[in-house]
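got a predicted structure here, sequence first:
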Amino acid sequence: MTSLPRHPSEGTEHERTSPVVARATRTLAAAGVASARSEAEQLAAYVLDVPRGRLALTDGFTPAERARYDALVARRADREPLQHLTGRAGFRHLELAVGPGVFVPRPETELLAGWGIDRALTRPEPVVVDLCSGSGAIALAVAQEVPAARVVAVERSPAALTWLRRNAAGRAAAGDRPVEVVAADVTDPGLLADLVGAVDVLLCNPPYVPRSVPVPPEVAGHDPDEAVFGGADGLAVLRPVLRRAAELLRPDGELGVEHDDTHGAAVPALLTADGRYTAVRAHRDLAGRPRFATASRRSDGPHAVGASAWQTGSS
């Protein structure tokens with residue numbers, strides 16, 4: 001991406017950026033887009049191929065660029081996700097390719113990833129597993145920020161796997177340690193059999209929204225249904241994930257799972273009731289909402305402890 005002002009070719013007409021972006025901001029605000037000004041500027045920067053902070057230094061829109069910009073603004077006003085329009089999503093220090101078929105990573109998930117990175121950094125050559133990997137956001141952030149880690153990313157959806165593999169290949173080409181991509185269902189009781197008792201840190205952002213809960217248009221119309229909803233109570237995927245995590249983690253290995261903001265008590269209770277976890281802790285996001293839970297694998301007791309508590313919920 002260029003960082004220098006563009007200069008018009010002789011005879012080319014340009015329309016000043018500021019009034020065009022102002023009109024787009026009003027259009028997006030009227031459509032209910034919460035961060036209308038920010039997103040109008042991001043789309044302008046995308047069309048003009050400049051950093052957002054240098055929009056004021058450009059020569060403005062050519063007629064063709066203005067037409068392209070207006071088309072993107074109209075699509076965003078119809079509540080198509082900004083990330084689908086630009087084809088990219090920022091996550092911690094990464095820029096990931098995203099689009100139809102894969103869940104767009106959210107800023108709040110950066111908190112879970114950061115927790116996992118901090119825990120992995122305390123261990124020499126850690127084995128880190130990311131379940132329900134989607135675009136690979138968590139796995140690739142760990143691989144970038146913990147170079148000594150072996151990172152395994154697990155995803156079931158063929159469409160999401162395409163994006164995950166694309167992002168993994170891009171980060172490997174950029175010099176990060178390659179992530180191991182595994183196509184599998186995280187509810188499979190035999191998941192990652194070769195890693196039983198060997199995982200240092202296990203992270204998961206599963207589908208967790210209860211089926212009856214309404215979601216924003218950007219989610220309802222564009223994020224894959226299977227990546228959003230977790231059964232009637234939102235815990236249908238999370239329950240078997242917690243069971244398998246206790247088998248995969250080494251003694252004193254650590255688990256972090258994101259959950260719905262209505263699960264602030266339920267998920268820690270599930271971890272405690274299992275009997276194989278200790279140091280169970282609830283975490284809130286920057287808005288003060290319950291967002292993820294963490295725990296450590298007990299260093300004593302057999303893996304089978306608490307197995308009777310693990311019945312997959314109805315979906």
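The structure has been received and is ready for your questions.

what about Thr262, distance to Val47?
Thr262 is 39 Å from Val47, where distance means C-beta to C-beta, to the nearest Å. C-beta coordinates here come from the backbone N, C-alpha and C atoms, glycine included.

same drill for these two, tell me which one is more crowded.
Neighbours per residue, other C-beta atoms under 10 Å: of Thr262 and Val47, the larger number sits with Val47, 23 against 15.

right, and that one touches Tyr69 too?
Yes: using C-beta atoms under 8 Å, Val47 is in contact with Tyr69, at 4.6 Å.

give me the common contacts of these two.
Overlap between the contact sets of Val47 and Tyr69, as judged by C-beta atoms under 8 Å, 6 or more residues apart in numbering, is given by Phe61.

for the protein, give me the ranges with low pLDDT.
The model of the chain has pLDDT under 70 over residues 1-12, 301-315.

residue nearest the centroid of this protein?
Centroid-nearest residue in the chain: Pro105, 2.7 Å away (criterion: C-alpha atoms, centre = their mean).

how about that one, what does it touch?
Counted by C-beta under 8 Å, 6+ apart, Pro105 has contacts Ala89, Phe91, Leu96, Val98, Gly134, Ser135, Ala137.

neighbours of the closest residue to it other than its chain neighbours, just the number please.
Distances taken as C-beta to C-beta, 6 or more residues apart in numbering put Ala137 closest to Pro105, at 3.9 Å, once the chain neighbours are dropped. Per other C-beta under 10 Å, the neighbour tally for Ala137 reads 30.

do the same with Arg289
Using other C-beta under 10 Å, Arg289 is surrounded by 12 other residues.

pretty sure it sits against Asp261.
Yes: counting by C-beta under 8 Å, Arg289 touches Asp261, with 4.2 Å between them.

buried residues in the lengthiest strand in the chain?
Longest strand of the chain, by residue count under DSSP state E: strand 249-258. Across strand 249-258, burial judged by 16 or more other C-beta atoms under 10 Å covers Leu249, Arg250, Gly253, Glu254, Leu255, Gly256, Val257, Glu258.
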